[in-house]
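Q: predicted model and sequence below, questions to follow.
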Number of protein chains: 2
Amino acid sequence: MSFLDDFRTMSTFGATPGGGVERQAASAADGETRRWFGGWLAEQGFRVEVDAIGNIFGLLELVPGAPYVLVGSHLDSQPLAGRFDGAYGVLAGAHAARSVRDRAAAEGATPRFNVAVVDWFNEEGSRFKPSMMGSAVHIGRLPLETALATTDPRGVSVADALDAIGGRGEFTGLDVSAYAEIHVEQGRELEATGTTIGLVASTWTAQKLEVVVTGEQAHTGAAPMADRRDALFGAAKLIVAVRELIDGFEVEQLHTAVSEMYLDPNSPVALAREVRMLVDIRSPRQDLLETAVARLRTTIGSIAAEARVEIDIVDVVEWSSGPFLEAGVLLAGEEAARLGYSHRRSATVAGHDATNLKEVVPTVMLFVPSVDGISHNEREFTSDDDLLAGLDVLQSVLYRLCAGELETERTS
Amino acid sequence: MSFLDDFRTMSTFGATPGGGVERQAASAADGETRRWFGGWLAEQGFRVEVDAIGNIFGLLELVPGAPYVLVGSHLDSQPLAGRFDGAYGVLAGAHAARSVRDRAAAEGATPRFNVAVVDWFNEEGSRFKPSMMGSAVHIGRLPLETALATTDPRGVSVADALDAIGGRGEFTGLDVSAYAEIHVEQGRELEATGTTIGLVASTWTAQKLEVVVTGEQAHTGAAPMADRRDALFGAAKLIVAVRELIDGFEVEQLHTAVSEMYLDPNSPVALAREVRMLVDIRSPRQDLLETAVARLRTTIGSIAAEARVEIDIVDVVEWSSGPFLEAGVLLAGEEAARLGYSHRRSATVAGHDATNLKEVVPTVMLFVPSVDGISHNEREFTSDDDLLAGLDVLQSVLYRLCAGELETERTS
């Protein structure tokens, strides 16, 4: 089957009426997609292994005992999401890994490294926080037990959710020499500049602030207005302030959002005594991010006083991520040029599993265009031509990584 | 057992660590309270009946075949609520009904009417909307089938929830000649004026607007700020605007709130595509309420444009309630004066089952003070002296209603 045929088949799992997919981590639809993918791998001669956090590996051992170049992304999705985000990178990685094997055999070449494709568990983080969970456990940034004990809003743990789809294994000890990932851009830069391939050179820095607004429960109608300490009113002022933070910065130098919140009690007749929410602030520059967060902290003090509530930042998760390996950016650029695709350096605003992997091994990340930059939405779209161009470059990059390029970077 | 002993016992059902109760409609704790109350009634010689929407009636037939004067309130509560709201009125009603029987027997008098106490199902409306459900079905304002089919946020219907606590019966056809209810004030006026008994003469008018904010789902980090159509940002601006509506009105002439909202999807990494919420606006004057709602509608238009979202008011429930029966206010004032309690005319901001009943029968409603006006909160408090004073006045009022006073009002 061709890549596009496989992609169409894969897009039927968890398909939504609006042309997207919904397969949140360890949901039934995620389980179906994983099973189909495992079957595909086995059929193509991959050895299929699953680790304790539910990452699926498809191994092709070309050089007995050698380390592996890993390529992949994630099969899970946001609620009502597009069919490209993550899934494209996993399937392209699988096809690219297969092509490395076939090309080495055809050329009678012996690669320096073996090759494996991976589906990282729970990259999205919509059901279980944090996002990029499977790759974080893999690189040792997140303890396995912490990840397994994490619960979704209904109280189901990762361990139980994975067991329900038969999603946990015992695979360990993969020696990884390099990592490659391809993903849809989730922005408009490639499209706006008429570019086919993005060479990801840097990651925006992000802070995710967990905020608790504490007021006092009272009757929505009867309580005198002057007495109220309405947590939702405080939270609403904060959401507006988070959005208005961007007014003090150059265009596209700061992204801010609140998209998740929980009210207690969520009653039509009782003012909220507590609102919990996640504030997401990102910038391409660490100094701008810090300025923005400092300004927000000052604003929080004023809002708390005006709304007569307490506002506490109870947790801060920061991604202060360095650049991608320059030698990898150059290598990918060479392959794109050689194959005749327009290309440019890109920055990723979103986090990716590659953001985790690049902390431990030489990592190359590629983008293909997203029409209108639409992402985390059923209307997400990338053309067949761009999907195939991305696969073409990924295959060539992966072949060179398997030949041992960037190897010196590993030990430096 | 004395009233205060009974009240202490009753307050143990669904008791919370903060000194309050949590017994939302048809919850296990509501079921326990109802069973205890039914047992108390039976022990005291009441005939216990339950109707199809779960209202519990305790009947004392003093004059075979005559209509009944009904007295009561509700046993259900908000989440983490006070122990007085509703429960006080039911227990005081039961004690008052018993006292009417005993006093008539002691005096060898034959009342004009029989007497019955009632626990109205789901007055609070926190789990199942609308509030005042049981009394609304009783007066024919809400169809029984609509009420039974109403679901809570988890999808459980009123019918199933009532069945789970054995809470549905078949009682019908009670001929009611008058209604009385006593309740804690949920405001500060009685306390501020040093008054023991409030004679409820009017109800604030309220509009409850169900609002849907529609944006477009997108990546919280990656989506360019200029492209965003964030439903939660629009909703937050609206919540702030709802609160600031009061700035254009005299103090305590307008109450506004938003306390319930649902986000879709409620994900840390996807901007909300839809937010649904309930806007609650109340005023003692119909004209002011209408002015406020008209201003809000204009503001909604501006917010929708600024936030690039759609904002639709999909439902409006209005309580445009007339005054309480003047003859009832005077009668209650006479009894308070005769018994030596300070008293004054009150307005209720909150809705009560009496607000429904007064549409169909002569109705008297009394208030006792709430310390600091705290309501829908575990810290709600009314002193024992005030509880007993209220019971004292309620008994006397009920006796006069059973003697046939206000009867002429019934047919006028």
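A: Here it is on my side, so go on. Numbers count the residues shown, from 1 in each chain, chains lettered A, B, ... in the order given.

Q: please make it C-alpha for all contacts and neighbour counts, starting now.
A: Will do.

Q: can you report phi and psi for A:Met365?
A: The phi/psi pair for A:Met365 (degrees, to the nearest 10) reads phi -130, psi 130.

Q: so what's it up against?
A: By Cα atoms under 8 Å, 6 or more residues apart in numbering or on different chains, the residues touching A:Met365 are A:180-183, A:199-200, A:329, A:354.

Q: average pLDDT across stretch A:200-207?
A: Across stretch A:200-207, pLDDT averages out at 94.

Q: out of the contacts of A:Met365, list just those in strands.
A: A:180-183, A:199-200 (DSSP state E).

Q: by neighbour count, which of the residues you listed wins?
A: Neighbour counts for those, by other Cα atoms under 10 Å in any protein chain shown, peak at A:Ile182, which reaches 33 neighbours.

Q: and it, how far from chain B?
A: 16 Å (Cα to the nearest Cα, to the nearest Å).

Q: equivalent analysis for A:Val21, please.
A: To chain B, A:Val21 is 14 Å away according to Cα to the nearest Cα.

Q: ok, of the contacts of A:Met365, which one's closest to chain B?
A: Set against chain B, the nearest of the contacts of A:Met365 by Cα to the nearest Cα is A:His183 (12.9 Å).

Q: for that closest one, give the beta-bridge partners.
A: A:His183 forms beta bridges with A:Phe367, as assigned by DSSP bridges.

Q: list the residues that contact it.
A: The contact partners of A:His183, taken as Cα under 8 Å, 6+ apart, are A:73, A:84-86, A:88-89, A:365-368.

Q: select only the buried ones of those residues in ChimeraX?
A: One line in ChimeraX is enough to select the buried ones among the contacts of A:His183; burial here means 16 or more other Cα atoms under 10 Å in any protein chain shown:
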select /A:73,84,85,86,88,89,365,366,367,368
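
Q: may I see the contacts of A:His183 organised as TSV, with pLDDT added?
A: Shown next, in TSV, are those (pLDDT from 0 to 100):
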residue	pLDDT
A:Ser73	98
A:Phe84	98
A:Asp85	97
A:Gly86	98
A:Tyr88	98
A:Gly89	98
A:Met365	98
A:Leu366	98
A:Phe367	98
A:Val368	98
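
Q: between the contacts of A:His183, which sits nearest chain B?
A: Closest to chain B, out of all of these and judged by Cα to the nearest Cα, is A:Asp85, at 10.9 Å.

Q: and the contacts of A:His183, which two are the farthest apart?
A: A:Phe84 and A:Met365 (15.8 Å; Cα to Cα).

Q: how about the residues of the stretch 101-250 of chain A that lie near chain B?
A: A:124-127, A:186-187, A:216-225, A:232-233, A:235-237, A:239-240, A:243 (Cα under 8 Å from any Cα of the partner chain).

Q: three-state assignment of A:Thr110?
A: Taken by DSSP: H, G, I helix; E, B strand; the rest coil, the conformation at A:Thr110 corresponds to coil.

Q: now the helices for chain A?
A: Read by DSSP state H, chain A holds these helices, from start to end of the chain: A:3-10, A:28-43, A:87-107, A:133-138, A:144-149, A:158-164, A:189-193, A:231-244, A:286-307, A:326-338, A:353-357, A:384-402, A:407-411.

Q: can you report how many residues neighbour the closest residue to chain B within the stretch 51-200 of chain A?
A: Proximity of the stretch 51-200 of chain A to chain B (Cα to the nearest Cα) peaks at A:Ser126, 5.0 Å away. Using other Cα under 10 Å, A:Ser126 has 24 neighbouring residues.

Q: got a pLDDT number for whichever residue of the stretch 151-300 of chain A sits closest to chain B?
A: Residue nearest to chain B within the stretch 151-300 of chain A: A:Ala236 (4.4 Å; Cα to the nearest Cα). If you check A:Ala236, the pLDDT there is 98.

Q: now it: how far from B:Met133?
A: Distance, A:Ala236 to B:Met133, using Cα to Cα, to the nearest Å: 31 Å.
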